[in-house]
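Asker: Sequence and predicted structure below; questions after.
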Amino acid sequence: MAAKDERIMGYKRSSKNSGVISIAMPFLFVAVLMSLGVGVFQLMKASGKPDQPQGQVSQNTPPQNTGNTHPPDTLSSMKRIDDFLAANGSKIKKVESTEIVATNETPRAVAGGVISFRAKITGTGSDGSSLAEYYSNVDITESPGIIILRQGCAAIPVSDKTPKMLEIKANFFGIERSFSYSILFQNQAESNELILVNRYTKNLGEQFMPESFYPSSAFQLESAAGAALSQLLEAAASDGASFYSASAYRSYSLQETLYDRAIINHGKNQRSSAPPGHSEHQTGLAVDFTTNALNGSLLEEFDQTDAYEWLQENASDYGFILRYSKDNIDVTGYIYEPWHFRYIGKAAAGQYIAEGWESLDEYLSIPR
C-alpha cells in the first residue's frame, strides 16, 4: 500500500473587470460568486479525480494492514524513480503508480520472523503493455524491536524487550508507508510442524525434543516428518534417484559441540552452524541429504546431482522444502545449503511453493 504517483491537479479562477459597479449591486455580486463556487466544486467532484491528498493509500492494495502513509514531494519523487528505473534497465517507460508492499500484509506478526518490503512499480512499456516490477531498494527506519538484515528486510528478534506492538517505517525515494503489527509469540512447548527456529527465535532449551520419533534405523525424525521422509525416499528410489539422510535429529548437546567446532574453524561470525537451541535439527523436522558420489559429505555440489533435481521437483509433495537458498543468506542467516530440507507438512509446502515464497522465515512471520 503506498502513494500513487499522481500529479497535483489545480485550477485558476479569473473574472473580467466589470467596470463601475453601482452601490446597489454588492449583494447580487456576492450571490453570483457563491453560485460560481458551488458550480466549480460540483465540477471537480464529477471529474472522478480522487479527493484524498497525495500519498494516501491506493485502494487496490490489500486492506489488512493499511498502516500510515505520508505525502511525498510528488514531482521530486517521480523524477528520482524515473532515473532509478532507467539506471536499472527497467522495461517500464511510463510510471502509473508506485507503492510499498510487504511479505506480511496482515496486522499480526510472529516474533522471530522476518518481513521484507519492496517497491511495486506499475506502468506501461514501450509497446503500451502493462507491466509491474518489484524492487527491494527500500529503506527501513531503525527502531527498537527490529534488526535490519539488509535493505528492505528486517527481523523481529525475541528478547525481553520485544514489543507487543510494532511499527516499521519504509521509504522508497520519498514514497513512505508505516506498517503496524501486533506481535505474537510461539508456544514452543507444543509439537508443531510449523514451528519457526532461527537466530532470532527464543532458545529451544536443552530439554526440548520431539514428542515421538518415527521408527527407523536409517534416520531419526519426528513421527510425521519421518513417515513423510520414508515415503519420499521410496518414491525417489522408484524414479532412479539415489540419496539418503546424512543428518536428521540432533540434541542440544550435539549441536553445541558442532557450533563450538565451527567457531574454532571459521570464527565467531560463521554462518555454517546454528547456536545450540536455535537449530531446526533439534525439532526433528529437518534432514540433510547426501549421495554416495559425494562420499556422504554435505557439499554445495549437491545441487549439481540428479538427487537435488528430483528433490526440487518432488520434495514439496511430501511436505519438505529447501530451507537455506542461495539468494537469501542475509535473510536466513546461514550459508547456502542445498542439502538441508525442512518438513512443514504437505498443505503448507504446497502453498509455500505455489505462492513463490523465498524463505521460511518470511512465510512463518505470518501467523499460520
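Answerer: Great, that's in hand. Residues are numbered from 1 along each chain as shown.
Asker: pLDDT weak spots in the stretch 51-200 of the chain?
Answerer: 51-74, 191 (pLDDT under 70).
Asker: Identify the residue spatially nearest to Ile115, adjacent ones excluded.
Answerer: Once flanking residues are discounted, Ile115 sits nearest to Asn104: 4.8 Å by C-beta to C-beta, 6 or more residues apart in numbering. All C-beta spots, glycine's among them, are computed from the backbone N, C-alpha and C.
Asker: same check, this time on Lys164
Answerer: Per C-beta to C-beta, 6+ apart, closest to Lys164 is Ile183, 5.6 Å.
Asker: Doesn't that neighbour lie inside a strand?
Answerer: Yes: Ile183: assigned to a strand according to DSSP: H, G, I helix; E, B strand; the rest coil.
Asker: still on that earlier bit, residues near the residue nearest to Ile115, how many?
Answerer: For Asn104, the tally of surrounding residues (other C-beta atoms under 10 Å) stands at 25.
Asker: Next one: it relative to Leu166, how far apart?
Answerer: Using C-beta to C-beta, to the nearest Å, Asn104 is found at 11 Å from Leu166.
Asker: Quickly list what's touching both of these two.
Answerer: With contacts taken as C-beta atoms under 8 Å, 6 or more residues apart in numbering, Asn104 and Leu166 have Tyr181 as neighbours in common.
Asker: Which parts of the stretch 251-368 of the chain are helices?
Answerer: Assigned by DSSP state H, counting those that start in this stretch, the stretch 251-368 of the chain shows helices spanning 252-266, 306-314, 329-332, 346-354, 360-363.
Asker: gap between the residue nearest to Ile195 when sequence neighbours are not counted and Thr257?
Answerer: Spatial nearest neighbour of Ile195, excluding adjacent residues (C-beta to C-beta, 6+ apart): Thr283 at 5.9 Å. Remark: distance between Thr283 and Thr257 (C-beta to C-beta) = 18 Å.
Asker: So if I had to pick from the two, which one is more boxed in?
Answerer: Shown here are Thr283 and Thr257; by other C-beta under 10 Å, Thr283 has more neighbours (25 against 13).
Asker: what residue is smack in the middle of the chain?
Answerer: Centroid check for the chain by C-alpha atoms, centre = their mean gives Thr103 as the closest residue, at 3.1 Å.
Asker: check contacts around the closest residue to Glu362 other than its chain neighbours.
Answerer: Leaving aside its chain neighbours, Glu362 sits nearest to Thr103 (4.5 Å; criterion: C-beta to C-beta, 6+ apart). The contact partners of Thr103, by C-beta under 8 Å, 6+ apart, come to 115-117, 357, 362, 365.
Asker: Of those, which is the nearest to Arg177?
Answerer: When the contacts of Thr103 are ranked by distance to Arg177 (C-beta to C-beta), Phe117 comes first, at 8.3 Å.
Asker: Can you report how many residues lie near that closest one?
Answerer: Around Phe117 there are 24 residues (other C-beta under 10 Å).
Asker: For it, pull up the helix or strand it's in.
Answerer: If you go by DSSP states H and E, Phe117 is part of strand 114-124.
Asker: got the contact list for the residue nearest to Ile115?
Answerer: 65, 113, 115, 179, 181, 362, 365-366.
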